[in-house]
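Undergrad: how would this look folded up:
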Amino acid sequence: MLSEIEKGTQLLDSNSFSDDGRVLIIREQPMMECALDVLTNLGNSGKVTLKAKGDLIPTAVAVANIVTENMMKGNSKIRDIVVDSESGPGRYGVTLVSTIKIIITKTN
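TA: Numbering: from 1, shown residues only. Predicted coordinates for the structure are as follows:
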C-alpha cells in the first residue's frame, strides 16, 4: 500500500513547508509499513520529508528513528526538524494544531 505521497500537499498548506524532495504524510497506518515506504522512497530519491500533525507526531518521530537508526544505520541521517503549529477546527472554535516536518537524507 502506497502511503500518502501523491496527496502530500493536502496536509499542510503553509508556505514554510515547501520541499524539493519526496513528501510522506503520516496517517493512520502501521508504523513499519510507513517505515518501509520511507526506505523505498529514500532509496529512489535520496531525500524524504515526513510530515505529521497532532496526535500523529510521535509516529513520525518513531518512523524517522526506525529508518535512520535501524534500517539504514550509518547510511542516512535526519537533516532537519521543523516544529510549528497551524490553526485548525476544534471543539470550541479555532485551535492551534502542532505540526512537524522531518527531513531524512541518504548519506552514501
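Undergrad: For the residue nearest the centre of the chain, give me its contacts.
TA: In the chain, the residue lying closest to the centroid (Cα atoms, centre = their mean) is residue 50, at 1.3 Å. With contacts taken as Cβ atoms under 8 Å, 6 or more residues apart in numbering, residue 50 has the following neighbours: 24, 26, 38, 60, 63-64, 100-104. C-beta: built from backbone N, CA, C; applies to glycine.
Undergrad: Got phi/psi on the residue of the chain most remote from its centre?
TA: Distance to the chain centre peaks in the chain at residue 92, reaching 28.2 Å (criterion: Cα atoms, centre = their mean). Here the main-chain torsion angles of residue 92 (degrees, to the nearest 10) amount to phi -120, psi 30.
Undergrad: Give me the pLDDT value at it.
TA: Model confidence at residue 92, given as pLDDT, is 84.
Undergrad: now swap in the one 5 residues further on and tell me
TA: In the predicted model, residue 97 carries a pLDDT score of 90.
Undergrad: Buried residues, the host helix or strand of it. List them.
TA: With elements delineated by DSSP states H and E, residue 97 resides in strand 93-106, which encompasses its position. Of the residues in strand 93-106, those buried by neighbour count under the rule 16 or more other Cβ atoms under 10 Å are 97, 99-105.
Undergrad: Run through the neighbouring helices and strands of that strand.
TA: Secondary-structure packing of strand 93-106 (3 or more Cβ pairs under 8 Å, 6 or more residues apart in numbering; DSSP states H and E): helix 31-45, strand 47-53, helix 57-65, strand 76-90.
Undergrad: if we can go back for a sec, and the residue farthest from the centre of the chain, how far from residue 105?
TA: Residue 92 sits 40 Å away from residue 105, taking Cβ to Cβ, to the nearest Å as the criterion.
Undergrad: do residue 26 as well
TA: Distance, residue 26 to residue 105, using Cβ to Cβ: 18 Å.
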